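Colleague: Structure for the following, please:
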Amino acid sequence: MLRYIIKRLLLMIPTLFGVAVLVFVLLRLLPGDIVELRFAMEGGRVSEEVMQAERVRLGLDKPMWRQFIDWMTGIVVGDFGT
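Modeller: Coordinates of the predicted model:
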């Protein structure tokens, strides 16, 4: 019985990783990005420099693979993002 439980727990790791990849990719497939949505919801016109600075602050200027590694590292240490 202990062997079965250990096997199931080990099989949970690739499943959770697959779900994390799927969630990350689906969030990136949304039209626009979070910076555009955030400033559009506030109703104000914001310069491109401010929007670019916000993208840098949130790490959206990095390649997608680096964003994923940063996101997964944050999840492991309990930081689920801004």
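Colleague: contacts, neighbours, all on C-alpha from now
Modeller: OK.
Colleague: Tell me how many other residues surround Q67.
Modeller: 16 (other C-alpha atoms under 10 Å).
Colleague: Only the buried residues of the lowest-mean-pLDDT helix or strand in the chain, if you could.
Modeller: Using mean pLDDT, DSSP states H and E, helix 34-42 stands out as the lowest-scoring helix or strand of the chain, at a mean of 79. Within helix 34-42, the residues that count as buried by 16 or more other C-alpha atoms under 10 Å are I34, V35.
Colleague: How far away from the center of its chain is that helix?
Modeller: Offset of helix 34-42 from its chain centre (C-alpha atoms, centre = their mean, to the nearest Å): 17 Å.
Colleague: quick one: contacts of that helix?
Modeller: R45, V46, M51, E54, R55 (C-alpha atoms under 8 Å, 6 or more residues apart in numbering).
Colleague: count of residues packed around the third one?
Modeller: Using other C-alpha under 10 Å as the criterion, M51 is surrounded by 15 other residues.
Colleague: and the angle for the longest helix belonging to the chain with helix 34-42?
Modeller: Counting residues, the longest helix found in the chain (DSSP state H) is helix 2-28. If you take axes from the mean of the first three to the mean of the last three C-alpha atoms, to 10 degrees, helix 2-28 sits at 60 degrees to helix 34-42.
Colleague: Now helix 2-28: average pLDDT?
Modeller: For helix 2-28, mean pLDDT is 93.
Colleague: First-to-last residue distance for stretch 47-67?
Modeller: 24 Å (C-alpha to C-alpha, to the nearest Å).
Colleague: circling back: which of the contacts of helix 34-42 count as buried?
Modeller: Looks like these have E54, R55 buried, using 16+ other C-alpha under 10 Å.
Colleague: May I have the secondary structure class of G32?
Modeller: Here G32 takes the coil state, with states given by DSSP: H, G, I helix; E, B strand; the rest coil.
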